[in-house]
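J.: Just to be clear, the model below is a prediction. Sequence and coordinates:
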Amino acid sequence: MDFKNKEYIDKIKELAKTKNAVIFAHYYTRPEIQEVADFIGDSLALAQQATRVQADILVMCGVHFMGETMKILCPDKKVLIPDMNAGCSLADSCKASDLAEFKAQHPDYMVVSYVNTTADVKALTDVVVTSSNAKKIVDQLPKDAKIIFGPDHNLGSYINSVTGREMLLWNGACHVHSRFSLEALLQLKKENPGVEVLAHPECKAPILAQSDVIGSTKALLEHTIQSSAKRFIIATESGILFEMQRACPDKEFIPVPPEVTEGVGCSCNECEYMRMNTLEKVYNCLLNESPQINVDPTVAKKAVVSIERMLSMS
Ligand code: 13P
Ligand code: SF4
């Protein structure tokens with residue numbers, strides 16, 4: 001490891017101990033962030049773990065909505081995120097005011113929202129889901145329930161297909177998962193016959209149709225650990241490859257590249273928001289105890305109901 005990174009990691013760990021802080025990281029963050037974290041997980045595991053730790057400070061190295069979820073679940077703890085600009089294109093695709101209007105047009109529908117949403121959207125939601133538990137939770141809802149599912153259209157279509165529901169879908173998407181190239185995937189399958197394709201359900205339907213395993217980041221990681229196969233084709237944000245390689249040093253992971261789009265965002269399969277988390281920012285945020293996530297108590301009071309309903313149904 002880079003000497004500067006090692007030095008930062010040591011300093012962060014020391015400071016975290018002094019301040020009784022726990023560092024959380026999502027699988028999509030940079031390798032060195034996963035290295036310094038006390039706990040690495042998918043969205044569901046991060047939310048669950050936040051409620052279990054004894055700490056004064058929670059540092060959420062991921063994106064803004066993950067910090068908000070932690071703050072809503074742990075209002076008495078200080079929740080820090082290394083960069084306030086670490087947003088999420090999927091969460092941005094559903095404004096609370098638009099959802100409120102849509103709900104008013106569909107008064108007999110209940111709302112199931114993906115965790116990749118703002119606290120304001122969660123406050124308008126009946127039950128939150130993550131990619132880990134969406135099927136399990138939707139399966140538990142009354143068979144005749146009319147459901148609005150948002151904001152991820154790809155995940156919603158996938159859940160409709162595996163549950164036999166006809167949920168009304170919001171038209172949102174993650175800019176990283178919706179840009180994987182089908183052409184490149186077909187080429188990779190041709191060059192690697194028999195190699196399983198693992199995909200996150202935020203990918204578009206044609207990518208999912210070519211996949212053998214569809215699941216959350218944690219489910220995909222667990223599959224690579226449990227499987228006797230030695231090679232896998234991976235269609236999700238490339239940060240997960242670090243944890244896969246660390247868990248299975250003798251296996252090979254082949255990332256699916258994105259479609260090449262001139263001048264739009266980056267042409268790689270990385271989430272630039274997740275990459276905003278750097279060791280320097282983690283250190284500074286712990287030192288200064290800023291930036292801090294705060295959620296309006298009125299919003300939090302409503303949002304916690306839909307999040308806790310999810311935790312109890314998981
Ligand atoms: P997971 O719930 O699988 O961690 O996914 C979160 C996310 O942001 C996917 O893009
Ligand atoms: Fe949001 Fe997509 Fe980044 Fe996940 S990968 S945090 S859904 S922008």
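T.: Looks like it came in fine. Since the structure is predicted, the reported quantities are computational estimates derived from the model, not experimental observations. Numbering: from 1, shown residues only. Ligands and ions are numbered 1, 2, ... in the order given.
J.: tell me what the helix or strand containing residue 34 is packed against?
T.: Residue 34 belongs to helix 31-36 when assigned by DSSP states H and E. Judged by 3 or more Cβ pairs under 8 Å, 6 or more residues apart in numbering; DSSP states H and E, the packing partners of helix 31-36 are helix 3-18, strand 21-26, helix 240-247, helix 279-288. Placement of C-beta: from N, CA and C, glycine included.
J.: relative orientation of the second one and helix 279-288 in degrees?
T.: With axes from the mean of the first three to the mean of the last three Cα atoms, to 10 degrees as the basis, strand 21-26 and helix 279-288 are set at 150 degrees to each other.
J.: List the strands paired with strand 21-26, with their directions.
T.: Within its sheet, and counting by DSSP bridges, strand 21-26 is paired with strand 39-41 (parallel), strand 57-61 (parallel).
J.: Make a markdown table out of these and add mean pLDDT and mean neighbour count.
T.: As requested, those are exported to a markdown table (pLDDT from 0 to 100; neighbours: other Cβ atoms under 10 Å):
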| stretch | mean pLDDT | mean neighbour count |
| --- | --- | --- |
| strand 39-41 | 95 | 21 |
| strand 57-61 | 98 | 26 |
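J.: most packed of the helices and strands packed on helix 31-36?
T.: When the helices and strands packed on helix 31-36 are scored by mean count of other Cβ atoms under 10 Å, the highest mean neighbour count falls to strand 21-26 (a mean of 24).
J.: For it, C-alpha coordinates in CSV please.
T.: Output of strand 21-26 as CSV, limited to C-alpha atoms (Å, rounded to 0.1, in the frame of the first residue of the first chain):
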residue,chain,number,x,y,z
ALA,A,21,-16.3,6.8,16.2
VAL,A,22,-17.2,3.9,13.9
ILE,A,23,-16.4,4.1,10.2
PHE,A,24,-18.8,2.6,7.6
ALA,A,25,-18.1,2.1,3.9
HIS,A,26,-20.1,1.0,1.0
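J.: okay, the spatially most central residue of the chain: pLDDT?
T.: Geometric centre of the chain, nearest residue: residue 43, 4.7 Å, by Cα atoms, centre = their mean. Residue 43 is assigned a predicted lDDT (pLDDT) of 89.
J.: Wait, it touches residue 24, no?
T.: No - with contact defined as Cβ atoms under 8 Å, residue 43 and residue 24 do not form a contacting pair (10.9 Å).
J.: OK, contacts around the closest residue to residue 292 other than its chain neighbours?
T.: Spatial nearest neighbour of residue 292, excluding adjacent residues (Cβ to Cβ, 6 or more residues apart in numbering): residue 80 at 5.7 Å. Listed by Cβ atoms under 8 Å, 6 or more residues apart in numbering, the contact set of residue 80 reads 21, 57-60, 67, 285-286, 289-293.
J.: before we move on, the earlier item: can you add distance to ligand 1 and give the helices and strands packed on helix 31-36 back as CSV?
T.: Shown next, in CSV, are these (distance: least, Cβ to the nearest ligand atom, whole Å):
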stretch, distance to ligand 1
helix 3-18, 23
strand 21-26, 6
helix 240-247, 9
helix 279-288, 19
